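[1] Kindly return the folded structure for what I paste below:
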Amino acid sequence: MKKMKKMKNFKLLIFSISMVLTVLMSCTNEEVIIDNLQNTEESESIVTTLSRLNQQYDDNGNVDEAENPAGNIVFDFCFDFVYPINLSFNTGTTVTVNSLDELIEIYFASTENLFINGIAFPFEVEIYNENSNALEIETINSEDEFLSLLEDCGFEDEVEDCICTEEYDPVCIDITDLDGELFTISYPNACYAICDGFTEDDFSEECQIDYESSDGECFEFVYPISIILDEGDPVTVNSREELFNATYGAYHIDLVLPLDIIIENESIVTINNYDELEAIIEDCIGDDNVGVVDCSIEDITSALINCFWQIDFVDDDQYLYNFFNDGTYQVQSDDSLLTYGEWIINAGNETFYITLAANSPIYNDEWVVTVCDESLEMQSLVSPQAELYSIDCVEEGLEDCSIEEVEVLLSNCSWVNLNNDIYSYIINPDYTFEVVEGNTITTTGVWDLNVTGNGYLMSLNSNSTQFQDTWLIADCDEGDLIILSLVYETTIISDNCD
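    Modelled structure (predicted):
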């Protein structure tokens, strides 16, 4: 178990030094070993697979950091071939591929006149079974089964990029390998793991205990070094790029010790065992609170109610959240109130979670606090691909005006939207209003006013959807109201005051 933990830590160490996994290789057509006797058939699925696998790499054949947050092909791509496999070129000749490195080598050596378009059935792939939390071998016997595999991977679906922060606060997930042993994959932060379908319940606490560094730039290996992959023979790597290339498809990784590292002051230190390496890491990290959200529930509550919170989805939908002191909140989109509900803050995993229980369950959500210092930053766990941020924050509230005084001031004037100033809103004390153009009433409606931490929130429910709006009364300076339209994102100014 201790050895397994050390290998886990080394995997995390590799990830913390850099999330870029690079494949350095060269290939010419003369290097391709061909065999005309292999039984292959044309396959659109192998063409699709290679095209999608290419997206994991940059133009130079290096693994793309942004596309590989887990640092493992099964989780970053979807599956890995069990090698060797037999492929065929469009010319009819075949090639035996013995590793992922060779597959990428052949793909990048392809041309418009010579490319892979066939595969020999059956073949096997390694996949992750989320129900058993384990790797499994699946046999692909035909093109139809290959196509089904790609459909399960979602290769034909429109890709929705997750919007995750660059904060390095790693989370780890323990997976069972093909031999029934545990290995660990790590993500730079919880957002990336959730984007891959994992939940908080899957996270390993040991990951946060062992690694809390946010940058991982503590030291560099003095190359060449030797590593052992999946309990095989030692492999020599001559650079950091080669190191990440070698570990991309591996599950168990160990160092061959002793080795030398360069620490922050450019000193060379010889590492003889894992205890010495872990001591270097702990000394480099120094602050036990790195990666820990350091604020109180009161701080978060204040930030929640003193701002409106907008979430932008990849399909361009937007929701606006307004939190109230009594533990309730409202959600609106454009000029419509979508739902309302109750919110609560809970501490856990050295951060805080805001649970949003909506009256309409389809709007339930949970937000995790990622930053809490001079500002509050959060991520939706239900929609991690969405961007969540605060708008229209007010620090002091409306200490100069009571809600009764605001209602009087509203009814003493007509109000004009600067973006559409041909119409005026007439606010009546009986909680009705009219929208007029000149002397003509265009529409009518009702309004209400609620206290919020960032002022007063006024809802205008019009008989015509064109004039439905939500106003934030953000300040009351010497009897003059400062009003913002949250629907039209403009200022509302007073006109014709009594």
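
[2] so where is the stretch 51-200 of the chain shaky, pLDDT-wise?
    Along the stretch 51-200 of the chain, segments meeting pLDDT under 70 span 157-163, 165-168.

[3] could you redo the last one with a cut-off of 80?
    Counting by pLDDT under 80, the ranges of the stretch 51-200 of the chain that qualify are 60-66, 156-170, 200.

[4] could you pull out the strands for it?
    For the stretch 51-200 of the chain, the strands defined by DSSP state E, counting those that start in this stretch occupy 80-81, 85-89, 94-97, 116-119, 123-129, 134-140, 171-176, 182-187.

[5] could I get those as TSV with mean neighbour count and distance to Ala250?
    C-beta coordinates here come from the backbone N, C-alpha and C atoms, glycine included. Formatted as TSV, the strands of the stretch 51-200 of the chain follow (neighbours: other Cβ atoms under 10 Å; distance: least, Cβ to Cβ, whole Å):
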stretch	mean neighbour count	distance to Ala250
strand 80-81	20	11
strand 85-89	21	19
strand 94-97	20	18
strand 116-119	22	24
strand 123-129	17	12
strand 134-140	15	12
strand 171-176	20	13
strand 182-187	23	9
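
[6] would TSV of the ones you listed with distance to Ser302 be doable?
    Below are the strands of the stretch 51-200 of the chain laid out as TSV (distance: least, Cβ to Cβ, whole Å):
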stretch	distance to Ser302
strand 80-81	48
strand 85-89	58
strand 94-97	59
strand 116-119	59
strand 123-129	42
strand 134-140	44
strand 171-176	28
strand 182-187	30
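
[7] and the gap between Gly118 and Ser110?
    The gap separating Gly118 from Ser110 is 13 Å, by Cβ to Cβ, to the nearest Å.

[8] care to break the chain down by domain?
    With domains defined by automatic domain parsing, the chain comprises 2-210, 220-285, 297-391, 403-495.

[9] which stretches of the stretch 51-200 of the chain form helices?
    Here the stretch 51-200 of the chain has its helices, by DSSP state H, counting those that start in this stretch, at 73-76, 100-109, 143-153, 190-195.

[10] let me redo that: the stretch 251-400 of the chain
    274-285, 297-305.

[11] And for the nearest residue to Trp415 once chain neighbours are set aside, the neighbour number?
    Using Cβ to Cβ, 6 or more residues apart in numbering and skipping the chain neighbours, the partner closest in space to Trp415 is Tyr425 (4.4 Å). Tyr425 has 23 neighbouring residues, counting by other Cβ atoms under 10 Å.

[12] Surely Phe324 and Ile305 touch.
    Yes: the pair Phe324 and Ile305 qualifies as a contact (Cβ atoms under 8 Å) at a distance of 6.6 Å.

[13] More neighbours: the two, which one.
    Ile305 (21 against 18).

[14] Test for you: state the pLDDT assigned to the more buried one.
    Looking at Ile305, its pLDDT stands at 83.

[15] where does the stretch 251-400 of the chain dip in pLDDT?
    Where the stretch 251-400 of the chain drops to pLDDT under 80, the residues are 264-266, 278-294, 313-316, 334-337, 348-350, 373-374, 383-386, 392-400.

[16] all strands for it, in order.
    253-255, 259-262, 268-271, 308-312, 318-323, 328-333, 336-348, 351-358, 365-372, 376-380, 387-391.

[17] got CSV for these, with mean neighbour count too?
    Listed next are these as CSV, based on neighbours: other Cβ atoms under 10 Å:
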stretch, mean neighbour count
strand 253-255, 21
strand 259-262, 16
strand 268-271, 14
strand 308-312, 20
strand 318-323, 21
strand 328-333, 19
strand 336-348, 15
strand 351-358, 18
strand 365-372, 20
strand 376-380, 22
strand 387-391, 16
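
[18] quick one: which of those strands is nearest Glu42?
    strand 253-255 (37.8 Å; Cβ to Cβ).

[19] Nearest approach to Asn439 belongs to which of the strands of the stretch 251-400 of the chain?
    For Asn439, the closest of these is strand 336-348, at 30.1 Å, according to Cβ to Cβ.

[20] in its sheet, what does that closest one sit against?
    Using DSSP bridges, the strands paired with strand 336-348 in its sheet are strand 328-333 (antiparallel), strand 351-358 (antiparallel).

[21] Of those, which is nearest Ile300?
    Ile300 lies closest, by Cβ to Cβ, to one member of the strands paired with strand 336-348: strand 351-358, at 5.7 Å.

[22] can you give me the angle the closest one makes with strand 318-323?
    Angle between the axes of strand 351-358 and strand 318-323 is 100 degrees (criterion: axes from the mean of the first three to the mean of the last three Cα atoms, to 10 degrees).

[23] oh, and call the first residue 23 from now on, that's how I've got it
    All right, first residue 23 from here; so that's strand 373-380.

[24] which outside residues touch strand 373-380?
    If you take Cβ atoms under 8 Å, 6 or more residues apart in numbering as the criterion, strand 373-380 is touched by 314-315, 317, 319, 322, 326, 343, 351, 353, 361-369, 385-392, 394, 400, 403.
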